[in-house]
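S.K.: with the sequence up front, the predicted model follows.
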Amino acid sequence: MDYLNAFLCGGVLCAIGQILIDKTQLTPARVLTGYVVAGVILSAVGLYEPLARWGGAGATVPLTGFGHLLAKGVRKAVDMDGWLGVLTGGLTAAAGGVTAAVFFAAVMAAAFKPSGKR
């Protein structure tokens, strides 16, 4: 059942993004940024945590999950360090994922050479 929930949750998030790209004038970059912001806002009002528990990886892997991770990091850092946590919490919480993304992007850039458009 966990796999089905993850598939449904991730599929709905992807479908919404595709509809926004197809039916509006929003660029993919704006939709992606909007997803991160939506994750932060939904986490701040307490709606994303139940979704993440139900949807599992279908909710935590997409960009809305990244926004949720940033919001959780800020909340935890503010509880520990006060207002300084607003500046440090999100980066601390997401440091592992950002580091992995940069590392693997560098490996792929070194391993494969892009070709120009013909």
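M.R.: That came through fine. Everything numeric here is computed off the predicted structure, so don't read it as measured data. Numbers count the residues shown, from 1 in each chain.

S.K.: now for the lengthiest helix in the chain, which elements pack on it?
M.R.: The single longest helix within the chain, with elements called by DSSP state H, is helix 85-111. On a contact count with 3 or more Cβ pairs under 8 Å, 6 or more residues apart in numbering; DSSP states H and E, helix 85-111 meets helix 63-81. Quick note: C-beta positions are derived from backbone N, CA and C, even for glycine.

S.K.: now the angle from the helix it packs on to helix 85-111?
M.R.: For helix 63-81 against helix 85-111, the angle by axes from the mean of the first three to the mean of the last three Cα atoms, to 10 degrees is 140 degrees.

S.K.: for helix 63-81, the distance to its chain's centre please.
M.R.: Centre-to-centre, helix 63-81 and its host chain are 12 Å apart (Cα atoms, centre = their mean, to the nearest Å).

S.K.: dump the C-alpha coordinates for that helix into PDB.
M.R.: Provided in PDB are the C-alpha atoms of helix 63-81 (Å, rounded to 0.1, in the frame of the first residue of the first chain):
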ATOM      1  CA  LEU A  63      10.300  19.800  -5.000                       C
ATOM      2  CA  THR A  64       7.500  20.300  -2.700                       C
ATOM      3  CA  GLY A  65       9.300  17.900  -0.400                       C
ATOM      4  CA  PHE A  66      12.400  20.100  -0.700                       C
ATOM      5  CA  GLY A  67      10.400  23.100   0.500                       C
ATOM      6  CA  HIS A  68       9.000  21.000   3.400                       C
ATOM      7  CA  LEU A  69      12.600  20.000   4.300                       C
ATOM      8  CA  LEU A  70      13.700  23.700   4.300                       C
ATOM      9  CA  ALA A  71      10.700  24.700   6.500                       C
ATOM     10  CA  LYS A  72      11.400  21.800   9.000                       C
ATOM     11  CA  GLY A  73      15.000  22.800   9.200                       C
ATOM     12  CA  VAL A  74      14.200  26.400   9.900                       C
ATOM     13  CA  ARG A  75      11.600  25.500  12.500                       C
ATOM     14  CA  LYS A  76      14.100  23.200  14.300                       C
ATOM     15  CA  ALA A  77      17.000  25.800  14.100                       C
ATOM     16  CA  VAL A  78      14.800  28.600  15.400                       C
ATOM     17  CA  ASP A  79      13.800  26.400  18.400                       C
ATOM     18  CA  MET A  80      17.500  25.700  19.100                       C
ATOM     19  CA  ASP A  81      19.200  29.000  18.100                       C
END
